Every structure is written in structure tokens, then in C-alpha cells.
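**Q** give the three-dimensional model of this entry:
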Amino acid sequence: MQAIQTADVPHLGGSQIGYRFGEEYNPALPTLVLVNSFTTSSELYRAQFSDKALMSKVNLLAIEPYGHGVTRTRSEQFTYWDSAIANLQVLEKLGIDSAFVLGTSQGGWIAVRMAILAPEKIKGIIPLGTSLDYESAASRELDCWFADDFCNPLILDLARPVGPDWVPSDEYCDGLAESGLGVNVSDEARAFWAKKLRENYKGDEGRRRIRMCAINLRDRDGLHGRLDYVECPVLWLHGTEDLVYSIANARKEIAGFTNSKSAELKIVEGGNHFLSATNPAEVNAQTIEFISKWS
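**A** Purely as a prediction, here's the structure:
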């Protein structure tokens with residue numbers, strides 16, 4: 001994959017949005033935007049950037065949401081709608097007229113927001129291991145997690161300024177790795193993400209960004225009332241070992257895309273929450289098939 005770059009966009013009074021291509025942009029190929037999960041970065045999609053079959057079919061373009069990776073803005077306040085708008089402005093800045101969007105967890109609901117905001121530009125979406133609800137009692141009845149248990153202590157702990165040497169704790173780094181990659185996550189993957197988290201969220205500036213990411217996760221608005229505004233095809237992939245959002249919830253929510261050209265849920269046996277990382281062969285093959293069908 002190419003080195004990370006930033007695009008200057010006007011949203012939120014001016015922002016620098018982190019993005020990276022897999023290879024040099026080829027206008028003859030469709031573009032697939034990759035949107036990463038909570039407090040990860042574009043490197044979540046290393047397995048996609050290393051897949052020659054996938055790279056031969058699409059331009060891979062990872063865009064990092066507000067609060068993540070190298071994306072920066074002067075505004076401390078942002079929401080998932082802001083990330084969707086900024087992503088669309090990055091596409092405009094790069095001269096890309098249309099794209100598919102694949103998003104993991106929070107990336108899934110950013111992908112849906114992009115499709116709602118720009119139906120003429122977004123040709124299809126591939127949510128992975130996501131939920132389109134707010135943190136509702138109904139979602140917990142369907143065996144989804146309770147975000148307050150994770151977010152409330154984090155938001156409270158990070159309410160005060162910290163010194164320049166502050167980094168996320170071992171508990172936080174291990175929790176993110178296990179919730180996303182499974183309880184049997186390898187030592188190598190655990191160490192990789194601990195290193196990345198501590199590089200990206202360091203000192204008081206890092207504290208402020210990770211806190212706002214947690215506020216967004218806990219307090220997000222649901223999309224159930226807006227799903228019928230999505231016109232493009234939808235391919236939802238969900239792993240059987242997802243520890244955050246349930247297959248039962250995915251089955252309920254895929255039915256909400258009543259005006260999409262096609263809306264299909266496919267279950268990936270043994271797949272974890274960060275499905276593109278734990279089951280890249282299945283995700284990449286399904287992605288090629290979906291984009292080939294709807295390009």
C-alpha cells in the first residue's frame with residue numbers, strides 16, 4: 001500500500017483528512033473506499049492492500065474518519081455525519097466521481113451516511129460487522145453489546161488534561177484487540193495495534209481525540225428511519241464470532257433497505273468483528289463479486 005497522505009477539505013472550517021491508495025489511481029477501474037473501525041487506522045485493511053486479485057479489480061482508497069489516524073481538524077467536536085461529509089469531499093478533491101464504500105463497525109454506518117448524502121456518487125456499500133441502531137435496549141435484546149459499559153469509564157477517565165507522555169493503557173489496547181480480532185488474537189496482532197494506538201493517541205491531543213471518538217460511539221444517532229433513502233446495492237457481511245454486534249441484529253436491519261437495488265446479508269463462519277482482518281479471503285472474494293456485478 002502507498003504511504004499515508006492528507007487531503008485538505010473545507011468541512012468543519014478546514015480539515016486534513018488522512019487517506020492512502022493501494023496503488024497509483026487508475027481511472028479505468030472502480031474505486032472502493034475503505035473506512036476503518038473505532039480507534040484503528042487505514043492499516044486495518046493491510047490484508048486488502050496486499051491482495052493482488054482485489055487490487056487488479058479496484059482502486060483501494062482508505063480514508064480515516066475524524067479522530068482517527070492522521071486526520072485532523074481544528075474543531076474538537078465532530079460526528080459520524082461529519083466524517084461522511086469529509087469522505088465525500090476527499091473523493092471530490094481527488095477527482096473521483098463515483099465509488100463503492102466498505103466500512104467496518106463504525107465504518108459501516110459512515111458508509112450508509114455517505115450513501116444517504118450522495119446517492120448519485122455512491123454505487124454500493126459493504127458494511128462489515130456493524131449495527132445501524134443507536135445504543136438502544138432493542139439492540140441489546142438482540143445480543144449486541146452495551147456501549148455504555150465500555151465508553152462511560154473511558155469518557156470519564158479522559159475528562160481532564162494529561163501530560164505529554166500519556167498513552168492508552170494496556171487494558172484499553174488489549175480490549176480493542178480482543179473485541180475486534182477475537183479472544184484468541186495473536187500476540188503479533190495484539191502488539192501491532194498496541195503500538196499503533198500509542199503512536200496515534202499520545203499526550204493531551206491524543207486524549208481529546210480518543211475521548212471524542214468514545215462520545216461519538218456512545219451517543220450516535222440511529223439510522224433506522226433513514227435506511228429507505230439508500231438506493232444503491234448493499235452487501236452486509238457478518239461473522240459468526242462477532243463479539244460486538246449480533247447476526248440477529250444484522251438480519252433485522254438488512255430488511256430496512258427497502259429502496260435499495262439489492263440488499264443481502266451473508267454470514268461468514270468463524271468471522272470476528274474486524275472481519276476484513278480476520279477473514280480477508282472471504283471478504284475480498286465477496287467484494288470482487290459484488291463490485292463486478294454492480295460496476
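**Q** can you give me the pLDDT of the residue lying closest to residue 203 once chain neighbours are set aside?
**A** Distances taken as C-beta to C-beta, 6 or more residues apart in numbering place residue 164 nearest to residue 203, at 4.4 Å, with adjacent residues excluded. The way it works is simple: take the backbone N, C-alpha and C, and place the C-beta from them, glycine included. Looking at residue 164, its pLDDT is 97.
**Q** contact partners for residue 164?
**A** Neighbouring residues of residue 164 by C-beta atoms under 8 Å, 6 or more residues apart in numbering: 202-204.
**Q** what subset of those residues is buried?
**A** residue 202 (16 or more other C-beta atoms under 10 Å).
**Q** from the contacts of residue 164, which land in helices?
**A** Within the contacts of residue 164, residues falling in helices by DSSP state H are 203-204.
**Q** mind giving me a markdown table with the contacts of residue 164 and columns for pLDDT and distance to residue 244?
**A** Formatted as a markdown table, these follow (pLDDT from 0 to 100; distance: C-beta to C-beta, whole Å):
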| residue | pLDDT | distance to residue 244 |
| --- | --- | --- |
| 202 | 98 | 26 |
| 203 | 98 | 28 |
| 204 | 98 | 29 |
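**Q** tell me where the chain has strands.
**A** Assigned strands in the chain, in chain order: 5-9, 15-21, 31-35, 59-63, 72-73, 99-104, 122-128, 234-239, 263-268 (criterion: DSSP state E).
**Q** was I right about residue 59 contacting residue 33?
**A** No: contact criterion C-beta atoms under 8 Å: residue 59 and residue 33 do not qualify, at 9.3 Å.
**Q** more neighbours: these two, which one.
**A** For the pair residue 59 and residue 33, the greater number of neighbours falls to residue 33 (27 against 21), based on other C-beta atoms under 10 Å.
**Q** excluding its backbone neighbours, what's nearest that one?
**A** Using C-beta to C-beta, 6+ apart, the closest residue to residue 33 is residue 101 (4.5 Å).
**Q** OK, contacts around the one you found?
**A** Applying C-beta under 8 Å, 6+ apart, the residues near residue 101 are 32-33, 35, 87, 110-111, 114-115, 122, 124-126.
**Q** for it, list each beta-bridge partner.
**A** residue 33, residue 125 (DSSP bridges).
**Q** number of nearby residues for the closest residue to residue 80 other than its chain neighbours?
**A** Take residue 80 and drop its neighbours on the chain: the residue closest to it by C-beta to C-beta, 6+ apart is residue 110, 5.5 Å away. By other C-beta under 10 Å, 29 other residues sit near residue 110.
**Q** any idea how far residue 162 is from the nearest residue to residue 15 once chain neighbours are set aside?
**A** Leaving aside its chain neighbours, residue 15 sits nearest to residue 73 (4.0 Å; criterion: C-beta to C-beta, 6+ apart). Distance, residue 73 to residue 162, by C-beta to C-beta, to the nearest Å: 21 Å.
**Q** and the two? which has more neighbours close in?
**A** Between residue 73 and residue 162, residue 73 has the larger neighbour count (other C-beta under 10 Å), namely 20 against 16.
**Q** who's in contact with the more buried one?
**A** So residue 73 contacts 11-16, 66 (C-beta under 8 Å, 6+ apart).
**Q** re earlier: quick one: pLDDT of the residue nearest to residue 80?
**A** 98.
**Q** the one 4 residues further on now?
**A** At residue 114, the model reports a pLDDT of 98.
**Q** go on, residue 1?
**A** Residue 1 is given a pLDDT of 85.
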